[in-house]
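1. Just a sequence and a predicted model for now, questions to come.
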Amino acid sequence: MEKRHTVCRLCSSVCPIEVYLKDGRLVSAKRKSSLPLEKAYYCSKLKAASEIVYSPQRIKAPLVREESGGKRDWKEISWEEALGIVSRKLNTFKSEYGPQSVCWLRGMAADWGAPWDYAIRFMHAFGSPNVIGNGSVCHVAREMAHFFTYGAMTSSDYKNSKCIFIWGKNDRDTNPPAYEAILYAKKQGAKLIVVDPIKTKLASLADIWLQIRPGCDGVLAMSIMNTIIEEKLYDSNFIQQWTLGFDILRKSAAKYTPENVAKRIWLDKESIKEAARIYAKTKPACLIEGNGLDMHANVSQNTRAVCILRALSGNIDKQGGDLLPQPVPTRNIQLKESLKAKIEPISFRYPLFNKFHKTRGDHALSSVMDAILEEKPYPLKALIIQASNPVVTMANSKRFLEAMEKLEFIAVIDLFMTKTAEKADLVLPATTCFEKTQLNLKAFSNPVVLQNQVIDWAENSWPDWKIIFELGKKMGYEKEFPWETVEEAIDYQLEPSGITVEMLRENPEGIFVGEKRYEKYRQERFNTPSGKIEFYSETYKKYGYPALPEFEEYEEDRLSFIQEKDNFPFVAISGARPNNFVHSQFRNIPSLLRESPEPFVDIHPDDAATLEIKDGQMVGVETPNGKISMKAKLSDVVHPGSVRIAWGWGEFDPRYNINDLTDDHLRDPLTGTTSNRCFMCNIVKLAEHP
Ligand SMILES: Nc1nc2c(c(=O)[nH]1)N[C@H]1C(S)=C(S)[C@@H](COP(=O)(O)OP(=O)(O)OC[C@H]3O[C@@H](n4cnc5c(=O)[nH]c(N)nc54)[C@H](O)[C@@H]3O)O[C@H]1N2
Ligand SMILES: Nc1nc2c(c(=O)[nH]1)N[C@H]1C(S)=C(S)[C@@H](COP(=O)(O)OP(=O)(O)OC[C@H]3O[C@@H](n4cnc5c(=O)[nH]c(N)nc54)[C@H](O)[C@@H]3O)O[C@H]1N2
Ligand code: SF4
Ligand SMILES: [Mo]
């Protein structure tokens, strides 16, 4: 069998893999692991790679919606015709309503980053500022807090660490390479602290597990800082030389004694203090926070507090600590400068979020619904949805469906006929990750690794890059899209780094540009306005936000539907991401569905006893926005008073769509982040699935 090297992009872990081929067909694939083969993490999605690639449900050709005799149906058309339709529609909207009436909505799931640049370049050539990603509910909102604290998002050097602090992250299921590194460090004697409202496998391995009340992470971070400052466990030289606002932080943290806050956030004061002492005294230590902190209406405050704690510990950019990236010089190909008039983007309510990063783009996801339904700052007429399934994944999905009804044209670029694609006028078939060569977000920081095409495009599908390049050419943007192949485009983008696709293919493990360096801030200072770590941020203040996180109000007040807690008494947590699924994806892949054939609501046995609910019984989950139903699973992984609802099942069966329950009105004021992660709900017994 022939063997090829690439990276897997079925999820965001971007694992280096070996792919085995026979007669040009993908037979199997294997993760390259840092652990011995028998200990290496097994990924069911990768095991199912050939099932995914050769799924009979893949869309085989471009499809256009036809209406005849009151019936709606799909008709297969050629790429030439399909691109002609998009081109004509877009030009009509442009001349009638202006280019800003067209919006491109990008999912996080498929490409994990760099190819955003192609969609952004296309839309800027067209004249619209509206390319919206879903980073307000994913990592981009968190990333902004890192930026305004020490200038870039850190990553954890688990392998060399003596203390690993994991906050709202579940690497065992969501990031196997990181999980393997944690296990390795633990074997070398590293301490493990976990903050998670759920008893995950990682939590059960931890030296200290803090089962926090959901959404109260900022208060906990302030309280850990309170102990560190009170007990003088910080490095005063470092604080003096490299930070701004320590005295204000000291005053602010004084309010959050473990004695004061522990009960309010479902913890005990001694564990908070112990976590603080272990974290501050063990060097080097690293702290990583995950999506458990995202999707809260107070994501900016919470993550800022956690970033400040990380900075206070003095581990920034030290070996075994929290590393600052070493960016690779690349060409910015987004063409933002070519936007003619100064047109506000539809995400105009979140200006700081839109511009904190040069190339990340706009991510205030719910702005799409706002613009369509409220017509502010102007009406949207058309949506191109690439690699996303917002009917299932966007908060308040009913409102999104309502918005879709109002649009004049929708094109979806996907592999499958999803619940979102079903509502489109035109569906363009994309290829899987194994059928295309591309860079990814991680490629802009060392080391640069290439994702290689290892098999041919299935049927009449095209890789995303080709769809965008050809659409560009069709619309007359030959100058902006002069490339025949993606290799040419990547070489153009990477030129300042001195790296080429050819070199990357010769080095499948990646190429590191320059020397690996630690404590880079000593030469370059921090990339913040003051050049120091900013405990106190003038920028936040300028944008009407506390310069240092404050949690005057009770955190539980930032939960959706809290005003109605008498009728909706349980805190709902949006569910786990098991290894076999990615968000709404892969329930159509038989071997992956077999691993978990149906969704559950986890209910603590004490609550179940009060409600007289039995294990396996059908229950309804209700919020003021809607109602769904699933079987109950009695489990002590959840804290009494909270329930965990399985995530991503709305594609399998709309009756399971958790985003029919969520709300998009309560938002983080800086990032527009909605509280998909947790909200108040009620549980009722049902005789059967309605
Ligand atoms: N309540 C609640 N809401 C959430 C979340 C939650 O946990 N709870 N999670 C949030 C988070 S973190 C995220 S990132 C979002 C995810 O939201 P989405 O990005 O909408 O997630 P997916 O369901 O993975 O949808 C990805 C789509 O892309 C298609 N696809 C896969 N590969 C490719 C490709 O190469 N090209 C193209 N064109 N299409 C491809 C898949 O078939 C699928 O339909 O959801 C967010 N919403
Ligand atoms: N198999 C698989 N892998 C994936 C994905 C997938 O869908 N499936 N999605 C990818 C994407 S887009 C993302 S964003 C990443 C996310 O990956 P992670 O960052 O690991 O995110 P989650 O697994 O959603 O949640 C992490 C933990 O946060 C906890 N949590 C929930 N609420 C809170 C809270 O209020 N506070 C704290 N401290 N913790 C809380 C949850 O119980 C969970 O254990 O995973 C990526 N990898
Ligand atoms: S965890 Fe599995 S699906 Fe995700 S990138 Fe790695 S091998 Fe692929
Ligand atoms: Mo995400």
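-> Alright, I've got the coordinates. Ligands and ions are numbered 1, 2, ... in the order given.
2. Return the residues of the stretch 501-650 of the chain in contact with ligand 1.
-> 574, 582, 583, 584, 585, 647 (CB under 6 Å from any ligand atom). To be clear about C-beta, it is placed using only N, CA and C from the backbone, and glycine gets the same treatment.
3. Widest-spaced pair of those residues?
-> The distance between the two most remote of these (CB to CB) is 16.0 Å, for 574 and 585.
4. sorry, back to before: can you flag the buried ones in the residues of the stretch 501-650 of the chain next to ligand 1?
-> Restricting those to buried positions leaves 574, 582, 583, 584, 585, 647, with burial counted as 16 or more other CB atoms under 10 Å.
5. how about the helices of the stretch 201-350 of the chain, start to end?
-> Counting by DSSP state H, counting those that start in this stretch, the stretch 201-350 of the chain has helices at residues 201-205, 217-230, 236-242, 246-253, 258-261, 269-281, 299-312.
6. shaky segments in the protein?
-> Scanning the chain for pLDDT under 70 picks out 37, 109-115, 341, 441-444, 553-556.
7. packing partners for the helix ranked longest in it?
-> In the chain, assigned by DSSP state H, the helix with the most residues is helix 79-97. Judged by 3 or more CB pairs under 8 Å, 6 or more residues apart in numbering; DSSP states H and E, helix 79-97 is in contact with strand 63-68, strand 102-106, strand 382-386, strand 409-414, strand 426-429, helix 464-474.
8. can I get these in JSON lines with mean neighbour count and distance to ligand 1?
-> Supplementary listing: the helices and strands packed on helix 79-97 in JSON lines, determined by neighbours: other CB atoms under 10 Å; distance: least, CB to the nearest ligand atom, whole Å:
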{"stretch": "strand 63-68", "mean neighbour count": "14", "distance to ligand 1": "14"}
{"stretch": "strand 102-106", "mean neighbour count": "25", "distance to ligand 1": "8"}
{"stretch": "strand 382-386", "mean neighbour count": "25", "distance to ligand 1": "5"}
{"stretch": "strand 409-414", "mean neighbour count": "23", "distance to ligand 1": "4"}
{"stretch": "strand 426-429", "mean neighbour count": "25", "distance to ligand 1": "8"}
{"stretch": "helix 464-474", "mean neighbour count": "22", "distance to ligand 1": "5"}
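9. out of those, nearest to residue 335?
-> Nearest to residue 335 among these is helix 464-474 (10.9 Å), distances taken as CB to CB.
10. How about the residue most central in space within the chain, nearest residue that isn't a chain neighbour?
-> By CA atoms, centre = their mean, the chain has its centre lying nearest to residue 138, at 2.9 Å. Nearest non-adjacent residue to residue 138, counting by CB to CB, 6 or more residues apart in numbering: residue 108, 5.0 Å away.
11. what do you get for residue 240?
-> Nearest-residue entry for residue 240: residue 246, 7.8 Å, with adjacent residues in sequence omitted and distances by CB to CB, 6+ apart.
12. Can you give me the neighbour number for that neighbour?
-> Neighbour count for residue 246, taken as other CB atoms under 10 Å: 17.
13. cool, residue 557 as well?
-> The burial metric for residue 557, expressed as a neighbour count using other CB under 10 Å, is 13.
14. For ligand 3, see how far away it is.
-> Distance from residue 557 to ligand 3, counting by CB to the nearest ligand atom, to the nearest Å: 37 Å.
15. Same question for residue 280.
-> Relative to ligand 3, residue 280 is positioned 33 Å away (CB to the nearest ligand atom).
16. picking that back up, hang on, the residue nearest to residue 240 packs against residue 238?
-> No - here residue 246 does not reach residue 238: they are 10.3 Å apart, not a contact under CB atoms under 8 Å.
17. can you tell me the residue of the stretch 151-300 of the chain closest to ligand 1?
-> In the stretch 151-300 of the chain, the residue that lies nearest ligand 1 is residue 291 (5.2 Å; CB to the nearest ligand atom).
18. and that residue, what does it touch?
-> Residues in contact with residue 291 (CB atoms under 8 Å, 6 or more residues apart in numbering) are 138, 139, 168, 169, 174, 677.
19. Narrow those to those in helices?
-> Counting by DSSP H, the contacts of residue 291 place 139, 174 in helices.
20. Narrow the contacts of residue 291 to those that are buried.
-> Members of these that pass the buried threshold by neighbour count (16+ other CB under 10 Å) are listed as 138, 139, 168, 169, 174, 677.
21. In JSON lines: those residues, plus distance to residue 65.
-> What follows is those, written out as JSON lines (distance: CB to CB, whole Å):
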{"residue": "138", "distance to residue 65": "30"}
{"residue": "139", "distance to residue 65": "35"}
{"residue": "168", "distance to residue 65": "41"}
{"residue": "169", "distance to residue 65": "41"}
{"residue": "174", "distance to residue 65": "36"}
{"residue": "677", "distance to residue 65": "35"}
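22. Most widely separated two among those?
-> Farthest pair in the buried ones among the contacts of residue 291, by CB to CB: 174 and 677, 14.2 Å.
23. the inter-axis angle of the longest helix of the chain versus strand 102-106?
-> Here helix 79-97 runs at 130 degrees with respect to strand 102-106, directions being taken by axes from the mean of the first three to the mean of the last three CA atoms, to 10 degrees.
24. so who does the closest residue to ligand 4 within the stretch 351-500 of the chain touch?
-> For the stretch 351-500 of the chain, the residue closest to ligand 4 is residue 393, as judged by CB to the ion, at 9.2 Å. Under the criterion of CB under 8 Å, 6+ apart, the contact list for residue 393 reads 107, 134, 583, 584, 648, 659.
25. Columns distance to ligand 4 on top of those residues, output as TSV?
-> Converted to TSV, the contacts of residue 393 look like this (distance: CB to the ion, whole Å):
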residue	distance to ligand 4
107	9
134	7
583	8
584	12
648	11
659	14
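26. nearest to ligand 3, of those residues?
-> When those are compared for distance to ligand 3 (CB to the nearest ligand atom), residue 583 comes out closest, at 12.4 Å.
27. Distance check, that closest one against residue 552.
-> In this structure, residue 583 lies at 35 Å from residue 552, with CB to CB, to the nearest Å as the measure.
28. who touches residue 656 in this structure?
-> 599, 628, 629, 630, 646, 649, 650.
29. and if you look at residue 397?
-> For residue 397, the set of contacting residues under the criterion of CB under 8 Å, 6+ apart consists of 390, 391, 650, 657, 659, 660, 662.
30. Assign the nearest residue to it once chain neighbours are set aside to helix, strand or coil.
-> With CB to CB, 6+ apart as the criterion, residue 397 has its nearest non-adjacent residue at 4.1 Å, and that residue is residue 659. Taking DSSP: H, G, I helix; E, B strand; the rest coil as the rule, one finds residue 659 in the helix state.
31. any idea how far ligand 3 is from the closest residue to ligand 4 within the stretch 1-150 of the chain?
-> Taking CB to the ion as the measure, the stretch 1-150 of the chain has residue 138 as its residue closest to ligand 4, at 3.3 Å. Remark: distance between residue 138 and ligand 3 (CB to the nearest ligand atom) = 15 Å.
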